[in-house]
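K.L.:
dropping a prediction and its sequence here:
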Amino acid sequence: MRGALPTYQRIAESVTRDIAAGRLKPGDRLPPERVMAAAHGVTVTTLRKALEVLTERGLLARRQGSGNYIQAGDLQKATYALFRLERIEGGGLPTAEVLGFAHRPKPQDLPDLGSAAPMAWHIRRLRSLDGVAVAVEDIWLDGRFAGAMTQQTVSESLYRSYRDLLGLVIARAEDRLGAAPLPDWAPDRLGLAPGAMMGLARRRAFDADGRVAEVSTTWFDPARATYVARIP
């Protein structure tokens with residue numbers, strides 16, 4: 001899949017989101033590595049790379065001769081730490097399909113993108129959780145960030161793409177929730193007709209200097225996904 005995270009990182013993200021959702025708790029013992037590898041359809045070597053990522057995040061204690069145990073760690077190190085949609089029952093690995101990608105003049109009705117740059121990146125995506133389509137996104141990134149970002153090079157994780165391709169680190173985000181009809185550009189694969197009432201999340205994402213870098217709108221199906229914010 002073009003733009004997909006490496007398999008071992010996808011496994012690490014899936015486990016991380018299950019921990020965040022409480023589906024895995026500190027002290028829980030993971031299945032034996034060969035069993036986990038078979039369940040994910042990967043080699044033990046690939047699985048161990050995923051376990052190394054979890055260990056680096058402080059989410060896993062690997063005890064020789066005993067097994068691998070979940071522990072409290074830094075969930076903010078996850079690739080999808082700022083992605084707030086989860087399955088109704090919690091967790092779920094996010095994936096994304098780019099529906100539209102353009103570098104175009106900045107619309108006049110985007111006052112939050114207030115730099116002098118006349119251009120902006122415009123991206124539309126279909127979002128899924130564990131392979132089930134749940135949402136569409138409309139994203140505008142300020143054109144003051146220049147780099148080799150194309151539809152072919154963008155990753156499933158936009159924030160990772162921003163960092164790797166544009167040198168932009170998203171430091172924090174502000175979301176406002178509501179409801180709104182599904183736009184007419186949403187693909188049939190979402191399985192809902194344009195105009196269907198959806199959950200709505202409007203986001204402003206900020207760079208390390210505290211300036212708005214991105215504004216986005218996400219329409220999500222409340223029958224398939226829920227918005228979750230955990231404090232702290």
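P.N.:
In hand now; what should we look at?

K.L.:
ok, D130 to A186 distance?
P.N.:
20 Å (C-beta to C-beta, to the nearest Å). Placement of C-beta: from N, CA and C, glycine included.

K.L.:
looking at this structure, which residue reaches furthest from the middle?
P.N.:
Distance to the chain centre peaks in the chain at G65, reaching 34.7 Å (criterion: C-alpha atoms, centre = their mean).

K.L.:
the nearest residue to R84 once chain neighbours are set aside pairs with what?
P.N.:
Leaving aside its chain neighbours, R84 sits nearest to Y227 (5.1 Å; criterion: C-beta to C-beta, 6 or more residues apart in numbering). Beta-bridge partners of Y227, counted by DSSP bridges, are L85.

K.L.:
any idea how many residues pack against the residue lying closest to G92 once chain neighbours are set aside?
P.N.:
Leaving aside its sequence neighbours, G92 sits nearest to L129 (C-beta to C-beta, 6+ apart; 3.4 Å). Counted with other C-beta atoms under 10 Å, the neighbours of L129 add up to 22.

K.L.:
hang on, the earlier thing: how close does the residue farthest from the centre of the chain sit to T7?
P.N.:
G65 is 27 Å from T7, by C-beta to C-beta.

K.L.:
check P181 too.
P.N.:
According to C-beta to C-beta, P181 stands 37 Å off from T7.

K.L.:
mind listing what's buried along the helix or strand where G178 lies?
P.N.:
Using DSSP states H and E, G178 maps to strand 172-181. By neighbour count on 16 or more other C-beta atoms under 10 Å, the buried set for strand 172-181 is A173.

K.L.:
kindly report the same for stretch 68-79.
P.N.:
Buried positions in stretch 68-79, judged by neighbour count with 16+ other C-beta under 10 Å: 68, 70-71, 73, 75, 78-79.

K.L.:
just the strands in the protein please.
P.N.:
For the chain, applying DSSP state E gives strands covering 60-63, 67-70, 85-87, 94-105, 119-129, 132-142, 172-181, 197-206, 212-220, 225-227.

K.L.:
and this structure, what are its domains?
P.N.:
7-77, 88-227 (automatic domain parsing).

K.L.:
including mean pLDDT, could the ones you listed go into CSV?
P.N.:
Shown next, in CSV, are those (pLDDT from 0 to 100):
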stretch, mean pLDDT
domain 7-77, 96
domain 88-227, 95
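
K.L.:
can you pull the contacts of I19?
P.N.:
If you count contacts by C-beta atoms under 8 Å, 6 or more residues apart in numbering, I19 has them with 25, 59, 70, 75.

K.L.:
same thing but at 6 Å, please
P.N.:
Contacts for I19 (C-beta atoms under 6 Å, 6 or more residues apart in numbering) come out as L59.

K.L.:
quick check: it vs L60, distance?
P.N.:
According to C-beta to C-beta, I19 and L60 sit 9 Å apart.

K.L.:
now D74
P.N.:
From D74 to L60 the distance is 12 Å (C-beta to C-beta).

K.L.:
please apply the same query to Y162.
P.N.:
27 Å.
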